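K.L.:
Any chance you can model this:
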Amino acid sequence: MKKTLLILLFAALMSTAGWADLMNHPVTVAHVGGEVRWSSIALGADGIAHVVFSNITPGEDGNTLFLSVGDILYVKYDGTTASTPMKINGDHPGMQPEITCNSKGKIAVVWSAPRENSIYIRVYDPALNGWQAAEQVSDSGAWEPSVAIDSKGNITVGFWAEAGVCFAKSKINGVWEGDAALSDGGTRCMKTNVTVAPDDTFWAVWSQRTCDNTGFCLYETFFSKRTAAVGWNDAQMVNSAGLSQELPFIGVGPNNIPWVAWGDTNDAEQSAIVVARINGADNPLETLTTRGTQHGPRVVADIYNNCHIACQQGAGDWGNGILYMTNKGGSWQAQMMWGGDTKAGGISTDSFGNVAVCWGAYFGGGGSDVYINSVDAIAPRYFLPPVNLTAALSVTKIRHAPSISYKLGWSANPNNTDSFLAGYKIYVQENGGSYQPLVTVSKTTLTQTFDFTDLSKKRRFAITTVNLIGGESDRVAFF
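P.N.:
Below you'll find the model as predicted:
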């Protein structure tokens with residue numbers, strides 16, 4: 001493995017002197033009678049928190065991982081009220097759930113069903129105002145699924161098989177493609193994680209074992225990407241520096257440049273948390289912590305492209321809290337959030353700059369609590385359509401080439417926060433049909449003119465405000 005310099009940012013991060021008070025809005029969103037072993041959070045485009053977690057009740061757990069399954073429960077928290085936990089997994093007991101939202105309000109939950117060697121998904125469709133039936137994604141593997149949804153509703157799920165193959169499977173334009181093996185079939189791989197960028201590029205990372213000519217082997221982190229139209233490109237290594245690179249996670253902000261975090265792990269299973277940027281050149285690394293028993297560093301990027309990481313501290317099933325780290329403000333800071341018998345929390349960010357972490361704490365016979373903490377208080381946040389809409393129509397009566405011109409105008413809604421906005425999207429409706437997207441313009445553009453030579457169609461125009469991650473306000477019509 002190539003020996004390149006790792007930048008040790010703060011050797012004493014794990015001491016209490018290094019902790020900051022970065023998140024100061026803790027809330028308990030659920031209490032259940034069983035053991036919460038995995039949890040995940042997604043902040044919607046409206047700022048509302050969606051949480052899933054596994055609840056293993058007495059009699060369901062056992063001495064092997066295959067028996068450590070139970071209900072997958074979903075909770076919605078609007079900043080005032082947490083909903084009653086809803087069982088999401090139907091007749092497919094599971095573990096290792098993950099949740100995501102896209103900019104249009106679609107929600108997806110995936111989980112592992114190891115007794116069936118399968119991955120399942122369940123989707124909330126805002127157009128239908130309800131949860132759809134659970135679907136089996138694949139029976140090629142059953143471990144640590146992750147999920148991403150692009151702005152058009154296309155879905156990609158990442159997972160891996162016990163045999164050591166890393167997969168992604170995508171549902172494009174409503175149709176599931178086949179399982180795509182991301183990793184080299186000749187070497188063992190594990191821990192696939194996927195995300196999607198604002199430009200609708202899907203990204204995947206995974207750990208892949210590499211060996212030198214002496215037979216010495218370590219895991220290294222690889223990545224690939226795809227779009228809805230073009231499949232996965234050839235795998236590339238992120239950065240070869242360090243020791244064994246384990247449990248990678250990926251997140252990406254508005255600049256479409258991903259952050260990847262993993263544990264740089266020695267023979268004693270002691271990890272230092274590392275983060276890299278896939279910048280298309282050298283993919284520079286930063287080492288954020290000293291070595292310790294810590295793993296699974298979840299990573300996201302906020303609307304300002306700052307990096308945020310949540311990492312379980314302590315042994316796998318019996319951790320002692322979540323370490324939150326961020327480079328917001330230009331330098332890395334850390335905050336410890338305690339919790340008894342913590343396992344594998346989650347982290348998310350929204351289109352208004354908020355960041356939230358979730359985790360569970362198990363109290364034996366007293367059951368488990370599920371917590372959220374966030375930079376800003378969780379609350380519904382809406383962005384509004386433009387105001388003062390005007391439309392002017394003119395016809396050019398040239399005998400052989402008549403045309404019609406529509407000049408549209410609008411003003412920014414004064415109740416929006418300008419720094420959260422990207423621009424406006426204009427739609428056209430022809431002859432009473434459905435509205436179709438016509439053009440997206442910057443937030444400084446307040447007029448637009450469209451010319452048509454087909455005068456036989458009746459047209460109507462509408463507009464939305466678009467935020468930094470592609471979310472849209474309600475659509476309003478010009479006339």
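
K.L.:
Let me see the ranges of the strands in the stretch 151-300 of the chain.
P.N.:
Applying DSSP state E, counting those that start in this stretch to the stretch 151-300 of the chain gives strands spanning 155-160, 166-172, 175-176, 180-181, 189-196, 202-211, 217-226, 236-237, 244-252, 258-265, 271-277, 285-287, 294-301.

K.L.:
ok, residues contacting the third one?
P.N.:
What it means is strand 175-176. Here strand 175-176 makes contact (Cβ atoms under 8 Å, 6 or more residues apart in numbering) with 137, 169-170. Backbone N, C-alpha and C define where each C-beta goes, glycine included.

K.L.:
Break this protein down into its domains, please.
P.N.:
Following the assignment in automatic domain parsing, the chain carries domains at 16-374, 387-477.

K.L.:
Indicate which one of those domains is closest to Arg381.
P.N.:
domain 16-374 (3.6 Å; Cβ to Cβ).

K.L.:
Averaged pLDDT, that closest one. What do you get?
P.N.:
If you average the pLDDT over domain 16-374, you get 91.

K.L.:
returning to what we had before: quick one, which of the domains of the chain is packed in tightest?
P.N.:
Mean neighbour count (mean count of other Cβ atoms under 10 Å) peaks for domain 16-374 among those, with a mean of 20.

K.L.:
Centre of the chain to that one, how far?
P.N.:
8 Å (Cα atoms, centre = their mean, to the nearest Å).

K.L.:
Please name the nearest non-neighbouring residue to Pro284.
P.N.:
Arg277 (6.0 Å; Cβ to Cβ, 6 or more residues apart in numbering).

K.L.:
what residues are up against the one you found?
P.N.:
Arg277 neighbours (Cβ under 8 Å, 6+ apart): 257-260, 283-284.

K.L.:
just curious, which of those residues is nearest to His308?
P.N.:
Trp259 (8.9 Å).

K.L.:
these two touch, right, that closest one and Val274?
P.N.:
No: look at Trp259 against Val274 with Cβ atoms under 8 Å: they stay out of range, at 11.0 Å.

K.L.:
picking up where we left off before, for Pro380, find the nearest of the domains of the chain.
P.N.:
Of the domains of the chain, nearest to Pro380 by Cβ to Cβ is domain 16-374, at 5.6 Å.

K.L.:
rewinding a little: now the domains of the chain in TSV, with distance to Pro380?
P.N.:
Below are the domains of the chain laid out as TSV (distance: least, Cβ to Cβ, whole Å):
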stretch	distance to Pro380
domain 16-374	6
domain 387-477	13
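
K.L.:
Helix, strand or coil: sort out Leu22 for me.
P.N.:
Using DSSP: H, G, I helix; E, B strand; the rest coil, the structure places Leu22 in coil.

K.L.:
so what's it closest to, chain neighbours aside?
P.N.:
In space, Leu22 is closest to Gln335, 4.6 Å off (Cβ to Cβ, 6+ apart).

K.L.:
Can you name the residues bridging to that neighbour?
P.N.:
Per DSSP bridges, the residues bridged to Gln335 are Tyr324.

K.L.:
ok, now how distant is it from Gly321?
P.N.:
10 Å (Cβ to Cβ, to the nearest Å).

K.L.:
How about Met95?
P.N.:
21 Å.

K.L.:
likewise Thr84?
P.N.:
In terms of Cβ to Cβ, Thr84 sits 27 Å off from Gly321.

K.L.:
likewise His50?
P.N.:
Remark: distance between His50 and Gly321 (Cβ to Cβ) = 23 Å.

K.L.:
and what of Met237?
P.N.:
Taking Cβ to Cβ, one finds Met237 at 32 Å from Gly321.

K.L.:
what's the span of stretch 109-129 from first residue to last?
P.N.:
16 Å (Cα to Cα, to the nearest Å).

K.L.:
Same check on stretch 208-227?
P.N.:
Span of stretch 208-227 from end to end, Cα to Cα: 23 Å.

K.L.:
TSV for the contacts of Arg277, including distance to Gly296?
P.N.:
Formatted as TSV, the contacts of Arg277 follow (distance: Cβ to Cβ, whole Å):
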residue	distance to Gly296
Ile257	22
Pro258	17
Trp259	15
Val260	13
Asn283	21
Pro284	22
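
K.L.:
Tell me which two in those residues are the farthest apart.
P.N.:
Once Cβ to Cβ is applied, the contacts of Arg277 give Pro258 and Pro284 as the farthest pair, at 12.7 Å.
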